[in-house]
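Colleague: Got a predicted structure here, sequence first:
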Amino acid sequence: MYDFPRPSPHLLNISKVIELGGAMSVPIVVFRTHKGMEIVEEARLMRMFDVGYIVAGDQNVEDHLKYMEKLAGMSGAILKEPLWGADPWKILEEELGLLSFIIIGAKKSFSQLTCMNVNKKLKDIIIEKINQLNVDPLGEAGEYHSLVTGIYSLNVNVKMKCKEIRTYDDYTIALIE
């Protein structure tokens, strides 16, 4: 957990992240870091749990990649970035065939995406909206953030719906129930 200039849509919906992990039988560790000490404390926690691999979903944000490389080095883990440099449209198409998600935050100019439930049946709608808005298909520039609601191959589906939308300066965040 980090301190951000504005609330994180992921932290505001942390209970749903934990619920999804539970549905997949994946252990979850929630750990609060201190400002300026995030990477040091994360690396220490990862060493404590003897983490061997970090699998990250970065696609083209160089700062994220550098952070993850530094974290891997400090923790002694091996970094895997399977999406790095791949075509974002191809990744989105593939993801839409594998999982469903809800958009939990968006820049104010893209706020119509906030609370949008996306699954393979709604594939054409999200692709059309992303094209219309000229948004990075994966939201890599922070245009939007999402939360997985289901994984088809694992038969995992967590009910999530938008309870409220809050605005923080130039960003909208959905509270999910």
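Modeller: Structure received. Numbering: from 1, shown residues only.
Colleague: Name the secondary structure element that contains the nearest residue to Asn157 once chain neighbours are set aside.
Modeller: Leaving out its chain neighbours, the residue that sits closest to Asn157 by C-beta to C-beta, 6 or more residues apart in numbering is Gly150, at 3.9 Å. The way it works is simple: take the backbone N, C-alpha and C, and place the C-beta from them, glycine included. Taking DSSP states H and E as the definition, one finds Gly150 inside strand 144-151.
Colleague: How about residues contacting that strand?
Modeller: Residues from elsewhere that reach strand 144-151 (C-beta atoms under 8 Å, 6 or more residues apart in numbering): 9-10, 13, 16-17, 20, 24, 98-107, 110, 113-114, 117-119, 135, 139, 156-160, 176.
Colleague: so where's this protein shaky on pLDDT?
Modeller: Low-confidence segments of the chain (pLDDT under 70): 1-4.
Colleague: ok, longest helix in it?
Modeller: Criterion DSSP state H: the longest helix present in the chain is helix 62-75.
Colleague: these two touch, right, Thr172 and Gln112?
Modeller: No. Between Thr172 and Gln112 there is no contact under C-beta atoms under 8 Å: 9.4 Å.
Colleague: more crowded one of the two?
Modeller: Between Thr172 and Gln112, counting by other C-beta atoms under 10 Å, Thr172 is the more crowded of the two (23 against 13).
Colleague: For the more buried one, which residues are in contact?
Modeller: Thr172 makes contact with Gly105, Ala106, Lys107, Lys108, Ser111, Thr114, Ile165, Arg166 under the criterion C-beta under 8 Å, 6+ apart.
Colleague: what about 7 Å?
Modeller: Neighbouring residues of Thr172 by C-beta atoms under 7 Å, 6 or more residues apart in numbering: Gly105, Ala106, Lys108, Ser111, Thr114, Ile165.
Colleague: Can you select the buried ones from those in ChimeraX?
Modeller: Entered in ChimeraX, the line below selects the buried ones among the contacts of Thr172, by 16 or more other C-beta atoms under 10 Å:
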select :105,106,111,114
